[in-house]
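K.L.:
need a structure here:
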Amino acid sequence: MEVKDSNGNLLNDGDSVIVIKSLKVKGTQLTVKKGTVVKNIRLTDDPDEVDCKVEKTRIVLRTEFLKRA
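P.N.:
Reported below is the predicted structural model:
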C-alpha cells in the first residue's frame with residue numbers, strides 16, 4: 001500500500017509532515033494551524049489517513065492536508 005501526501009510524495013512511518021491548511025479537530029477545542037510540523041507519523045490501514053500526536057493529543061489526519069517536511 002502506498003501512502004502519498006498532497007504533492008504525491010510517498011510517506012513512511014516516522015516521517016515528519018507539515019499541515020497545509022488550518023484544521024479544527026472534532027470532539028476537542030484543538031485547532032491544528034497551517035504550517036504546524038508533525039513529527040513521527042504512523043501509517044494506518046487507510047491510505048488516506050495517518051495517525052500522529054499534536055500537542056499531546058493523538059489524532060488522525062487526512063493526507064490531502066499534509067506535505068512531506
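
K.L.:
contacts, neighbours, all on C-alpha from now
P.N.:
OK.

K.L.:
Which strand or helix spans the most centrally placed residue in the chain?
P.N.:
Residue closest to the average C-alpha location in the chain (CA atoms, centre = their mean): L61, at 4.2 Å. For L61, the element it lies in under DSSP states H and E is strand 57-62.

K.L.:
tell me which residues of that strand are tucked away?
P.N.:
Judged by neighbour count using 16 or more other CA atoms under 10 Å, the buried positions of strand 57-62 are 60-61.

K.L.:
Also stretch 15-26?
P.N.:
Residues 16-20 are the ones in stretch 15-26 that count as buried (16+ other CA under 10 Å).

K.L.:
pull the CA atoms of the strand holding L61 into CSV?
P.N.:
What follows is strand 57-62 as a C-alpha-only set of coordinates in CSV (Å, rounded to 0.1, in the frame of the first residue of the first chain):
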residue,chain,number,x,y,z
THR,A,57,-3.3,14.7,21.6
ARG,A,58,-3.4,11.6,19.4
ILE,A,59,-5.3,12.4,16.2
VAL,A,60,-5.8,11.1,12.7
LEU,A,61,-5.1,13.5,9.8
ARG,A,62,-6.1,13.1,6.2
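
K.L.:
what sits up against it?
P.N.:
Residues from elsewhere that reach strand 57-62 (CA atoms under 8 Å, 6 or more residues apart in numbering): 48-53.
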